[in-house]
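A.B. asks: Build me a model from this:
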Amino acid sequence: METLQETVLRRVRHDETEAAGHQRPAASSAAAPASAGSAPQSSTGQAAAATHGQRAETRTITIECMRYNPDTDSAPRYQSYEVPFTHDMSVLDGLQYIKDHLDGTITYRWSCRMAVCGSCGMMANDMPVLSCQAFLRDYYPGTLRIAPLSHFPIVRDLAVDQSDFLAKLERVKPYIITEEPRTPADGPNLQTPAQMDQYYQFSQCINCMLCYAACPQYGLNPEFTGPAALALLQRYNADSRDEGKAERMPVINAESGVWGCTLVGECSVVCPKGVDPARAINLNKVNSTQDYFFRFLMPGAKKKATNKAPQ
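C.D. replies: Numbering: from 1, shown residues only. Next up is the predicted model:
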């Protein structure tokens, strides 16, 4: 059985073939006869052949990978590799070529190769990227320098320690909280498309940590809760089925919460899934301000949670 990726590629190739067939001009009756053993080629066919030639062409790029084993090395260093590549090879493919053919000791994380798992995040020429989504052709003919994600302790080579990030995700209580426990007898907890739209964008995070590597505030203050965790917090606060907004408010209001963000916005720029953590943080700042004035004007009163996101 073919994989999803193979199915997509087969359909794309089929569509391209059909499109080329529809666009091919009819041969002129006055055209000169082709030479023996050859057939006339349309401009579309020539362009397709040229494109195929470019894609099949093998070039060589220099990749400098950071190497560091904290058990044996006093400091990180860069090691250079010459990697042959074709048009469609990703940075992750380049690393796998290095591991398979040049140096089997290099360490990095990867899993799905389809920008779904978020495992293969790293720095490529000082920019946080998913290595399965970045292509070697975009760095050629220059040198590609690969390093582990910024602001995280290095486990080995390109793999970083995720413990702090995972602890911050857990801190925001990333699950639906209800005042009364629900049972299967209650049936499905329905919501309208409009209610889902309030949080859907923030639910697309794949925990790749690129936003943390891009966040200067997290680099300066490791206690900062950070973009992905605060976007996840907003995802549940804006969910019409959730009643745990008050329980998450201490995380928002804490010194390490939303007010630590200086709104540089790089977290939203580098997100490979189009999530906007900067917007989520701003929405949480509105929630924090409302909570402050409510407690100031009505001390001791219990505020009823609302899941309507600020506009």
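A.B. asks: contacts and neighbour counts: CA atoms only from here.
C.D. replies: OK.
A.B. asks: What segments of this structure are helices?
C.D. replies: In order along the chain, the chain carries the following helices (DSSP state H): 4-23, 43-56, 91-97, 163-171, 193-197, 210-214, 216-220, 227-237, 245-253, 266-270, 277-297.
A.B. asks: could you redo those helices as JSON lines and give each row mean pLDDT, mean neighbour count and distance to residue 146?
C.D. replies: Output for the helices of the chain, formatted as JSON lines (pLDDT from 0 to 100; neighbours: other CA atoms under 10 Å; distance: least, CA to CA, whole Å):
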{"stretch": "helix 4-23", "mean pLDDT": "50", "mean neighbour count": "11", "distance to residue 146": "26"}
{"stretch": "helix 43-56", "mean pLDDT": "60", "mean neighbour count": "13", "distance to residue 146": "24"}
{"stretch": "helix 91-97", "mean pLDDT": "98", "mean neighbour count": "21", "distance to residue 146": "9"}
{"stretch": "helix 163-171", "mean pLDDT": "97", "mean neighbour count": "15", "distance to residue 146": "21"}
{"stretch": "helix 193-197", "mean pLDDT": "96", "mean neighbour count": "13", "distance to residue 146": "37"}
{"stretch": "helix 210-214", "mean pLDDT": "98", "mean neighbour count": "27", "distance to residue 146": "14"}
{"stretch": "helix 216-220", "mean pLDDT": "96", "mean neighbour count": "17", "distance to residue 146": "19"}
{"stretch": "helix 227-237", "mean pLDDT": "98", "mean neighbour count": "28", "distance to residue 146": "23"}
{"stretch": "helix 245-253", "mean pLDDT": "95", "mean neighbour count": "18", "distance to residue 146": "34"}
{"stretch": "helix 266-270", "mean pLDDT": "98", "mean neighbour count": "20", "distance to residue 146": "16"}
{"stretch": "helix 277-297", "mean pLDDT": "90", "mean neighbour count": "18", "distance to residue 146": "25"}
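A.B. asks: Residue 204: which of the ones you listed is closest?
C.D. replies: helix 227-237 (9.3 Å; CA to CA).
A.B. asks: and the closest one with helix 163-171, angle?
C.D. replies: Per axes from the mean of the first three to the mean of the last three CA atoms, to 10 degrees, the angle that helix 227-237 makes with helix 163-171 is 10 degrees.
A.B. asks: the strands in the stretch 51-200 of the chain, which residues?
C.D. replies: Along the stretch 51-200 of the chain, the segments classed as strands by DSSP state E, counting those that start in this stretch run 59-67, 77-85, 121-124, 127-130, 144-147, 154-156, 159-160.
A.B. asks: Dump those to a markdown table, plus mean pLDDT, distance to residue 224 and mean neighbour count.
C.D. replies: Converted to a markdown table, these look like this (pLDDT from 0 to 100; distance: least, CA to CA, whole Å; neighbours: other CA atoms under 10 Å):
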| stretch | mean pLDDT | distance to residue 224 | mean neighbour count |
| --- | --- | --- | --- |
| strand 59-67 | 98 | 27 | 19 |
| strand 77-85 | 98 | 29 | 16 |
| strand 121-124 | 98 | 20 | 24 |
| strand 127-130 | 98 | 19 | 24 |
| strand 144-147 | 98 | 23 | 22 |
| strand 154-156 | 97 | 19 | 18 |
| strand 159-160 | 98 | 18 | 21 |
